[in-house]
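Undergrad: following is a predicted model, sequence given first.
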Amino acid sequence: MIPARDFVRALTEDNARFWRDRDVRLDPSADPARRLEQIRYRMRQGVYNELRSVELIAAWIPHVPEPEIRDLLPGQLDDEHRHYRLLRGRLLELGEAPDAYRPLPEWEALFDWLVACRTRPTLEKLAMFQFAGETQSCEGFETLIALAADVDPDTAALYRTEILPDEYRHAAIGRRALILLADTPALRQAARAACVEMNERVFGAYRAHRARTDRNA
Ligand SMILES: [Fe+2]
Ligand SMILES: [Fe+2]
C-alpha cells in the first residue's frame, strides 16, 4: 500500500480533476450587473447551506465514535453557525427581504441526503463532506472572492477574512480522517467511492442552482 499521505494527495487530485470547469454557479465572463446578481444568489445559498451544515454536524457527532475526529467537530459546528450569521447579516445590510432565506430545493435535497448518511462509517462521511465537499467549497469561495472584488468588495473581504480560512480548516479535518482511518485497500476504495458519490450529487445541485439563476435573470 502507498503511504497514507500519498493516497490522500492522489484522491485530492482526482477530486480536482472532477471539478475542472464544473462549478457553474458563477460566470466569470458575465457583465458586472449579472455577476452581482449571481453573487447575491450565491450568498442566499450560503445562508441556507451554512445553517444546514450546523444541523448536519450536530446530527453526525453522535455517530462519530473516533474521539480524535469527533473532538474536531464541535469547533466546525461553531464556525458554520458564525458563517450563517455573518452572511445573513450582510444580506440584511444589503436590504434583502427575510423571505430570501427560504429553502432552495436542490440544496435542501443535498443536505437531507447528507443528514441521512449519519450512520455511515466515519471515513465515508468525512470523505464526503469535509474532504470532497469542503475542499470544493474552498475552490468555490476563491472564485467568488475574485469575481466579487470589483462589484462588491465588502462582501469579497467578508468571505476572504471571516469565512475562507475556517473552510480550509474544515477540509483539513477531512484529510485527517482519511489519513487516520483509510488504512486498508478496501477502506481506501470505500473513501474513493464516497468522494465520487458526493461530487456527483454536488454537481447535480450546481446545475440546478445555475438553471434557477438563469430562469430568474
Ligand atoms: Fe461554512
Ligand atoms: Fe465548512
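TA: Ah, there it is. As the structure is a computational prediction, the values presented were derived from the model and not from experiment. Ligands and ions are numbered 1, 2, ... in the order given.

Undergrad: quick one: name the residues of the protein near ligand 1.
TA: Residues of the chain lying close to ligand 1 (C-beta under 5 Å from the ion) are 50, 80, 83. In this view, the C-beta of every residue, glycine as well, is placed from N, C-alpha and C.

Undergrad: so which of those residues reach ligand 2?
TA: Checked against ligand 2 using C-beta under 5 Å from the ion, the residues of the chain next to ligand 1 give no members in range.

Undergrad: go through these and name the one nearest ligand 2.
TA: residue 80 (5.5 Å; C-beta to the ion).

Undergrad: residue ranges for the helices of this protein, please.
TA: Counting by DSSP state H, one finds helices in the chain at the ranges 4-19, 32-60, 67-70, 73-93, 105-116, 122-126, 134-148, 153-158, 164-181, 185-216.

Undergrad: which helices and strands sit right next to the shortest one?
TA: Counting by 3 or more C-beta pairs under 8 Å, 6 or more residues apart in numbering; DSSP states H and E, the packing neighbours recorded for helix 67-70 are helix 164-181.

Undergrad: could you list every helix and strand in contact with the helix it packs on?
TA: Helices and strands in packing contact with helix 164-181 are listed as helix 4-19, helix 67-70, helix 73-93, helix 122-126, helix 134-148; criterion 3+ C-beta pairs under 8 Å, 6+ apart.

Undergrad: which residue packs closest to the residue of the chain found nearest ligand 1, ignoring adjacent ones?
TA: For the chain, the residue positioned closest to ligand 1 under C-beta to the ion is residue 83, at a distance of 3.8 Å. Take residue 83 and drop its neighbours on the chain: the residue closest to it by C-beta to C-beta, 6 or more residues apart in numbering is residue 50, 4.3 Å away.

Undergrad: how close does that neighbour get to residue 28?
TA: 24 Å (C-beta to C-beta, to the nearest Å).
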